[in-house]
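J.: Predicted model and sequence below, questions to follow.
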Amino acid sequence: MTADDTYGRLDDDDYPAYTMGRAAEMLGTTQSFLRAIGEARLITPLRSAGGHRRYSRYQLRIAARARELVDQGTPIEAACRIVILEDQLEEAQRINAEYRRTAASANPTAAA
């Protein structure tokens, strides 16, 4: 691996760059919260060669959303389910928009 490869990964939202301690610090939460949302299968951290949990920026955004809900009084299991459903809805909307664009480009007279 070259230095360029390492720096290129810093821009990758899915690269597991953060340790559990650093992730908890960045989110202003505890490591037990991160373990709990992992047990609820909201996020699945990757493991380092030594077996330590590592988190990506994408996972930290998901965890931050769950933490917002928990801070508002939502039980952790419900917060995880809400975040999963929000993510699924966003993906479905993205796919739907792509289908509409494809259909519009295939039949430009129908869009007018």
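T.: On my side now, so go ahead.
J.: Number of residues surrounding residue 35?
T.: The tally of other residues near residue 35 (other C-beta atoms under 10 Å) stands at 14. All C-beta atoms are positioned from the backbone trio N, CA, C, and that covers glycine.
J.: gap between it and residue 109?
T.: Distance from residue 35 to residue 109, counting by C-beta to C-beta, to the nearest Å: 56 Å.
J.: again, but for residue 24
T.: 56 Å.
J.: okay, these two: which has more neighbours?
T.: residue 24 (20 against 5).
J.: and the more buried one, what does it touch?
T.: 30, 31, 33, 34 (C-beta atoms under 8 Å, 6 or more residues apart in numbering).
J.: show me the contacts for the first one.
T.: Contact partners of residue 30, counting by C-beta under 8 Å, 6+ apart, are residue 24.
J.: rerun that using 10 Å as the cut-off
T.: Taking C-beta atoms under 10 Å, 6 or more residues apart in numbering as the contact definition, residue 30 lies against 20, 24, 36.
J.: pLDDT at the first one, what is it?
T.: pLDDT for residue 20: 94.
J.: Which residue ranges of this protein form helices?
T.: 3-9, 20-27, 31-39, 57-71, 76-106, 108-111 (DSSP state H).
J.: okay if I get those as CSV plus distance to residue 49?
T.: Formatted as CSV, these follow (distance: least, C-beta to C-beta, whole Å):
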stretch, distance to residue 49
helix 3-9, 16
helix 20-27, 15
helix 31-39, 19
helix 57-71, 19
helix 76-106, 28
helix 108-111, 53
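J.: buried subset of the contacts of residue 24?
T.: 33, 34 (16 or more other C-beta atoms under 10 Å).
J.: ok, so of the contacts of residue 24, who is nearest residue 12?
T.: Looking at those and their distance to residue 12, the nearest is residue 34, at 20.2 Å (C-beta to C-beta).
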